[in-house]
Every structure is written in structure tokens, then in C-alpha cells.
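>>> Quick one, fold the following:
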Amino acid sequence: MQNYYKAYLREKSARDELEALLEEKTSKLYALNLELEKKLTILQQQQLAVIQSEKMATLGTLSAGVAHEINNPLAYLTCNLETLSHYKDDINDYFELITQHQSEAISDSELLEGLNKLSKNIDTKELVQDLSDISQDCQEGCSRISSIIKNLLDFAKPKQSDESEFEIADVIEHSTKLLENKLKQVTLEVNCGTGYLICGSKSNITQAFINIFVNGIQACEEARAQSLISQGMILVSVFDSGANYTITFKDNGIGIPEEAIPHAFEPFYSTKPLGEGTGMGLAVVYGILSNHSASISLANNPDSGVTVTVNIPKSSL
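The predicted model follows:
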């Protein structure tokens, strides 16, 4: 009986030790989990900060082109307003005559005489047509400026989360609108149908596509500067590849040294001369796409330039 009791005490002691050890390990695991969550939050915040910083750098690159795109409609808005100012004086003279006649301050003959004088300076049919054209031009100019500013604000505004379902074609269109002035330097062809839906952060995917476009444009500019090509070209193609959509960006620029390809997506790695690149463009692209369970690769074309290939999962919504 005494042996059974001793065995029970030993078993109880061992069980108590195990429970104490388990409680200690659980407590440590809980503390480690809290620390891990804290570090993950910090990492996510830092990643958002890097993406936002890259957006600001991109806006700096685009600023001259955007200013040019805004100045064009502003120029003809200014010109049209000057024309309206001249017409205003003539129209005021016309209504002044009518008002004087209605108040019987002038006679019918004086009214006709005044209208005849005005008709020598004003072609009423031409005036009406001009006013219609000016009104349409002003509306188009204001709409153009509004669209440019909206695209910039949508792109630049920090977003903690803008998860949604959207079309790849919309992202390509938004990217090319922001890069409209720079893309004038190359021939752009886009082969992308509708209905290619993906899910994620539209603004971040736009950032990724812009960075890819900018690299292609710069590569084409360098190839032209070296007289390797007469005209830069960028071809964007989107097609269904099963569970994913595949997007290719093909340019005819200077290409990339083969030894640099394995390092292309590393932070701060750049093949550009010192001071001409941050080395963060493709690293940010890689980070954004990784967050969307997407992959990216690049390879030199047999003839010239580079093809960047993105594989991104289809929307499951």
C-alpha cells in the first residue's frame, strides 16, 4: 500500500512539473506571439511607407510631364477667355441699343442705324458658332485638367487598405494616363480584353505597373541615345493562363546585363549611373506583387530589349 502511495506522489509531482513547464512554455509562446504580431505590424507599416515614398518619387519623375499636360488645356482656356472678353464688349453694345429702344430713349431709325454699325464689326452667325465652339473647348479643357488631377490624387493618396475587385485593363489605362507625356516618346501597343478580374490594392498594382513602364521607357530612351533603335516600342499583352492571368511588358530598349538579372529585384540594386536611380523601383514592384500572391520575372529578348512577365491570381470573389 505504501508503495502505491509513493508511486502516486511521484506521478503527481511529475504531473505538476509538466503542468508548470507547460504553463511556462505557453506564457513564453504567448509573449513571443505578441512580439511577432508587433514586429509584423511595424513591418507592414514600413512597407506601406516604402511604397508611399516610391509613389512620391514617381510623382517627382512625372511632374514635368503632368505640368505640360495641364498647361496645354490651360493655354486654350486662356485664349478662349480672351476671345470671350472681346465678344462681351460687342454683345454689351448690342443689348445697350435694345435697352435704349425699349425705354424709348432712341427711335426705330436710330436703333437700325446702331445695329447696322454693329453688324459691320460683328458677324452674328459666326459669333453664335464661335460661342458654341468656345464653350465646348472650355468644357473639354476643364474636364481634361480635372481628369489629370483626379488620376494624380487617386495615385498619390496614402491608403491603408483599398482591397477590391478590379479589371487589369483599368489598371493599365490608369497607369498610361499618368504616364501620357512620357509615353509620347515610344510607340505603345496594349492587347488586353475586358473581364480580366483580379483582387487586391488597385493603387498599389497601379504603382507596380507604372514602375515597370518607366523602366521600359528609360531603356528605350537609352537605346535611342546610343542609336541602337530609331523608335522605342512597348507592347503590353494580357492573357488567361489557367488559375492566373499573365501580363507581359515587352520593350525594345537596351536590355539588362545577364549577370544583373538575378539581382534586379534586390533593394538598392541598380545598373544605372550613380545618382540616376534609387534601386528601389523593381524592389517595390516585387514587394507589391508578392503581397498579391503574384510573381514577376524578366528576361532579355532575342533581338533587343526586355520582357517583364507578371503572373497574378484571378479574383475569387
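>>> Beyond the helix or strand containing Arg15, next helix or strand please.
Using DSSP states H and E, Arg15 sits within helix 2-102. Going down the chain from helix 2-102, the next helix or strand is helix 108-121, by DSSP H and E.
>>> And that following helix, what does it pack against?
Contacts defined by 3 or more Cβ pairs under 8 Å, 6 or more residues apart in numbering; DSSP states H and E place helix 108-121 against helix 2-102. No exception for glycine: its C-beta is placed from N, CA and C like everyone else's.
>>> On the three-state scheme, Glu222 is what?
helix (DSSP: H, G, I helix; E, B strand; the rest coil).
>>> now it: how far from Lys184?
Distance of Glu222 to Lys184, computed by Cβ to Cβ, to the nearest Å: 17 Å.
>>> Compare these two and say which is more crowded by neighbours.
Each of Glu222 and Lys184 has its neighbours counted (other Cβ atoms under 10 Å); Glu222 has more, 16 against 13.
>>> Now that one. Nearest residue, chain neighbours left out?
The shortest distance from Glu222 to any non-neighbouring residue, by Cβ to Cβ, 6 or more residues apart in numbering, is to Ile254 (4.7 Å).
>>> Give me the neighbour count for that neighbour.
When neighbours are counted by other Cβ under 10 Å, Ile254 registers 22.
>>> Shouldn't it be within a helix?
No: the assignment for Ile254, made by three-state DSSP, is coil rather than a helix.
>>> Tell me if I'm right that it and Leu228 touch.
Yes: Ile254 lies in contact with Leu228 (Cβ atoms under 8 Å); the separation is 6.7 Å.
>>> Residues that sit against both of those two, list them.
Common neighbours of Ile254 and Leu228 (criterion: Cβ atoms under 8 Å, 6 or more residues apart in numbering): Ser304.
>>> Ser164 - that's part of a strand, no?
Yes: using three-state DSSP, the assignment for Ser164 is a strand.
>>> Please name the residues that touch it.
Ser164 touches 199-200, 202, counting by Cβ under 8 Å, 6+ apart.
>>> Give me the subset of the residues you listed that lies in helices.
Among the contacts of Ser164, DSSP state H puts Lys202 in helices.
>>> Quick check: ChimeraX command selecting the buried ones in the contacts of Ser164.
The buried residues among those can be selected in ChimeraX (16 or more other Cβ atoms under 10 Å) with this line:
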select :199,200,202
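>>> could you dump the contacts of Ser164 to TSV with distance to Glu37 and pLDDT?
Below are the contacts of Ser164 laid out as TSV (distance: Cβ to Cβ, whole Å; pLDDT from 0 to 100):
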residue	distance to Glu37	pLDDT
Cys199	25	95
Gly200	22	92
Lys202	27	89
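>>> I'd like the distance between Leu178 and Asn211.
Look at Leu178 and Asn211: by Cβ to Cβ, they are 12 Å apart.
>>> Could you list the low-pLDDT ranges of the stretch 201-317 of the chain?
For the stretch 201-317 of the chain, the stretches with pLDDT under 70 are 268-269, 271-280, 317.
>>> which stretches of it form helices?
Assigned by DSSP state H, counting those that start in this stretch, the stretch 201-317 of the chain shows helices spanning 202-225, 281-291.
>>> name the helices or strands packed onto the shortest one?
The reference is to helix 281-291. If you count contacts as 3+ Cβ pairs under 8 Å, 6+ apart, helix 281-291 packs onto helix 2-102, strand 197-201, helix 202-225, strand 295-300.
>>> deepest of those, which one?
Mean neighbour count, computed with mean count of other Cβ atoms under 10 Å, is highest for helix 202-225 among those, reaching a mean of 22.
>>> Let's see it as CSV, backbone CA atoms only.
Taking C-alpha atoms only, helix 202-225 is exported to CSV below (Å, rounded to 0.1, in the frame of the first residue of the first chain):
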residue,chain,number,x,y,z
LYS,A,202,-5.7,48.8,-57.2
SER,A,203,-3.5,51.8,-56.2
ASN,A,204,-0.5,49.5,-55.4
ILE,A,205,-0.9,47.4,-58.5
THR,A,206,-1.0,50.7,-60.5
GLN,A,207,2.3,51.7,-58.8
ALA,A,208,3.8,48.4,-59.8
PHE,A,209,2.7,48.8,-63.4
ILE,A,210,4.0,52.4,-63.6
ASN,A,211,7.4,51.4,-62.3
ILE,A,212,7.6,48.7,-65.0
PHE,A,213,6.5,51.2,-67.7
VAL,A,214,9.1,53.8,-66.5
ASN,A,215,11.9,51.2,-66.7
GLY,A,216,10.8,50.3,-70.2
ILE,A,217,10.6,53.9,-71.3
GLN,A,218,14.0,54.7,-69.9
ALA,A,219,15.5,51.6,-71.6
CYS,A,220,14.1,52.8,-74.9
GLU,A,221,15.4,56.3,-74.4
GLU,A,222,18.9,54.9,-73.7
ALA,A,223,18.8,52.7,-76.8
ARG,A,224,17.8,55.7,-79.0
ALA,A,225,20.5,57.8,-77.4
